[in-house]
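Q: show me how the following folds:
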Amino acid sequence: MKRKLAILVPLLTLGFISVAHAASPTGTILPGIDLGSGTDDPDQVSNTMRIILLITVLSIAPAFLILMTSFTRIIVVFGFVRNALGTQQIPPNQVLIGLSLFMTFFIMGPTFSEMNHNALQPFLAGKMSQQEAFQSASEPLKEFMAKHTREKDLSLFMDYAKMKKPNEVKDIPLTALVPAYAISELKTAFQMGFMIFIPFLVIDMIVSSVLMSMGMMMLPPVMISLPFKILLFILVDGWHLIVKSLLVSF
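A: Residues are numbered from 1 along each chain as shown. Purely as a prediction, here's the structure:
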């Protein structure tokens, strides 16, 4: 990630300098883009084209982060935890998303390092073309997704598109692997969420039964059960157990 940020900062700085120069009174020449010839050498790609490609990558980065990493399972499980506790907006969405992002970077660290070593650095050094870099970067990502994708879910998309059964993981097309991985992650997250809901549901049922036996029909059971659910969550060190379960599941 540090190397990627080190690459992004000079590119963005160069873009701002170009815009400022064009807007200045003395600067009357606008930068041009020559699309007449192609090249596989990254050093021959204009800085303007690099910025355009960077903006394109950033526009699809959210979809990449959500559907092709561990982020989906983590954020869905955290949402189940908050709903099971019944604490409304506590923890806030910003806290849950921030924690999910850092856990995603932690879990995906080895995969991202392999992508950086096998694809990004050779491409920036001019030793690999764009197509070769894309193929090299997709292989470790495919390995990660295929490891957590159910065969039934993958067969669903491959059979629908009438694709041949691949011999190796690297032969699986991303168009079928990404949605299959996404629904597999959702199923796993919902299974974990169901197990999280059970102890809190028992507390709600006990509190509701006690209130009804005492004739307190107008008192909302949530007001009474919420402190007990929070107390139970604290006593068992709930956040530690949830995060540990998520890490072990990967």
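Q: and the longest helix along the chain, which residues are buried?
A: Longest helix in the chain, counting residues (DSSP state H): helix 174-213. With burial defined by 16 or more other CB atoms under 10 Å, the residues of helix 174-213 counted as buried are 176-185, 188-189, 192-193, 196, 200, 203-204, 207, 211. The way it works is simple: take the backbone N, C-alpha and C, and place the C-beta from them, glycine included.
Q: could you do stretch 220-227 as well?
A: Buried residues in stretch 220-227, counted by 16+ other CB under 10 Å: P221, I224, S225, L226.
Q: and the last one, how far from G86?
A: Taking CB to CB, to the nearest Å as the measure, L226 and G86 are separated by 6 Å.
Q: what does A182 give?
A: A182 sits 28 Å away from G86, taking CB to CB as the criterion.
Q: again, but for I206
A: If you measure I206 against G86 using CB to CB, the figure is 15 Å.
Q: got the phi/psi numbers for the spatially closest residue to I107 that is not a sequence neighbour?
A: Nearest residue to I107, sequence neighbours excluded (CB to CB, 6 or more residues apart in numbering): S70, at 4.6 Å. Backbone torsions for S70, taken as degrees, to the nearest 10, come to phi -80, psi 0.
Q: repeat that for Q121.
A: phi -70, psi -40.
Q: how many residues are close by it?
A: 14 (other CB atoms under 10 Å).
Q: on that earlier part again, what is the mean pLDDT for the longest helix of the chain?
A: Helix 174-213 comes out with an average pLDDT of 86.
Q: centre of the chain to it, how far?
A: Remark: helix 174-213 is offset 20 Å from the chain centroid, using CA atoms, centre = their mean, to the nearest Å.
Q: hang on, the earlier thing: dump the buried residues of stretch 220-227 into CSV; add pLDDT and distance to M103 as well.
A: Formatted as CSV, the buried residues of stretch 220-227 follow (pLDDT from 0 to 100; distance: CB to CB, whole Å):
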residue, pLDDT, distance to M103
P221, 71, 33
I224, 79, 33
S225, 79, 29
L226, 83, 26
